[in-house]
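> Quick check, what structure comes out for this input:
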Amino acid sequence: MKPISTSRLAAVCFALAAWLPLHASAGLLDDDEARKAILDLRSKVENLSRDMNARIDTKSDKRAALELINQHEQTMQEIARLRGQLEVLSNEIATSQKRQKDFYADLDARIAKLEPRQVSIDGKEAEVDPGELKSYEAAMKLFTSGDYKVAASALADFVRRHPDSSYASNAQYWLGNAYYAQRDYKNAIASQEIVTLTYKDSAKAPDAMLNIASSYVELKDKKNAKKALQQLVAKYPESSAASTAKDRLAALK
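Residues are numbered from 1 along each chain as shown. Modelled structure (predicted):
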């Protein structure tokens, strides 16, 4: 039950004040007129009471509505603040995840650079350290560009630093060719002999022997040239270099 407000008390007092004089003079009126007057007064009081209650309730509803509106605005402000914090946290998490992803991608790339690579050398599969591969390719780039002196230095350095590399026999062979291209036939022979002795199972060994014979020819040493060609045919009879050696032996007679 709602508490009686000041306005409602005033209305009741007003009704009573209006009713008492009529009640006091009821004896001066006949019974029908008195009852009629009382009924009219009661009806007026009830109507006035309802009107006052309606006004009070309306004011109360407005006050409650205002309070609800204020609470709603405060709630929306709090929601907006929390959404802002959530957006900031979401951005921070996304940034952190991206940094972590980039870190691991960079780490994987660095590890990949350190891991041995599977390569094909003269038709054979081999694992080569990335550093070795980079050095070998750089030296060969110098060779193919025609800078034989610098290429010879790079190839010699490669063999010295990577004697057990799968590219070592090839580097030694091309070192001999770099000397040959510079007309340094003695160093060419010495370099190719290392191929035939140290890397005799290499696919480059038959070609190294052919290069030795060619160097002897340039030195006008026909005897050692024939000897090198004969050894080539005897040791690697099925190689394409042996076929070339046979033709050259025939020409040297």
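> Below-threshold pLDDT in the chain: ranges please.
For the chain, the stretches with pLDDT under 70 are 1-62, 64-65, 68, 72, 78, 82, 86, 104, 107-114, 116.
> just the strands in it please.
All strands of the chain, identified by DSSP state E, fall at 117-121, 124-128.
> Same list (these) but as CSV, adding distance to Tyr185 and mean neighbour count.
Glycine gets a C-beta too; all of them are placed from N, C-alpha and C. Shown next, in CSV, are the strands of the chain (distance: least, C-beta to C-beta, whole Å; neighbours: other C-beta atoms under 10 Å):
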stretch, distance to Tyr185, mean neighbour count
strand 117-121, 27, 12
strand 124-128, 30, 12
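> Report the separation between Gly176 and Gln118.
Taking C-beta to C-beta, to the nearest Å as the measure, Gly176 falls 27 Å from Gln118.
> next one: Leu142
For Leu142, the distance to Gln118 - C-beta to C-beta - is 25 Å.
> follow-up on the earlier one: among the strands of the chain, which is nearest Asp106?
strand 117-121 (19.0 Å; C-beta to C-beta).
> Domains in this structure, by residue range?
According to automatic domain parsing, the chain comprises the domains 6-107, 129-252.
> most tightly surrounded among the ones you listed?
domain 129-252 (a mean of 18; mean count of other C-beta atoms under 10 Å).
> List of residues touching stretch 154-165?
With contact meaning C-beta atoms under 8 Å, 6 or more residues apart in numbering, stretch 154-165 is reached by 128-129, 132, 135-136, 138-139, 142-143, 167-168, 171-172, 174-175, 178.
> Quick one: residues contacting Arg63.
With C-beta under 8 Å, 6+ apart, Arg63 has no contacts at all.
> residue contacts, Ser215?
180, 185-186, 188-189, 192.
> got a list of what the nearest residue to it once chain neighbours are set aside touches?
Nearest residue to Ser215, sequence neighbours excluded (C-beta to C-beta, 6 or more residues apart in numbering): Tyr185, at 4.1 Å. For Tyr185, the contact set (C-beta under 8 Å, 6+ apart) comprises 179, 215-216, 218-219.
> Export the residues you listed to a markdown table and append columns for distance to Leu249.
As requested, the contacts of Tyr185 are exported to a markdown table (distance: C-beta to C-beta, whole Å):
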| residue | distance to Leu249 |
| --- | --- |
| Tyr179 | 24 |
| Ser215 | 16 |
| Tyr216 | 13 |
| Glu218 | 17 |
| Leu219 | 18 |
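> Which two among those are spaced furthest apart?
Using C-beta to C-beta, the contacts of Tyr185 reach their maximum pairwise distance at Tyr179 and Tyr216, which is 13.7 Å.
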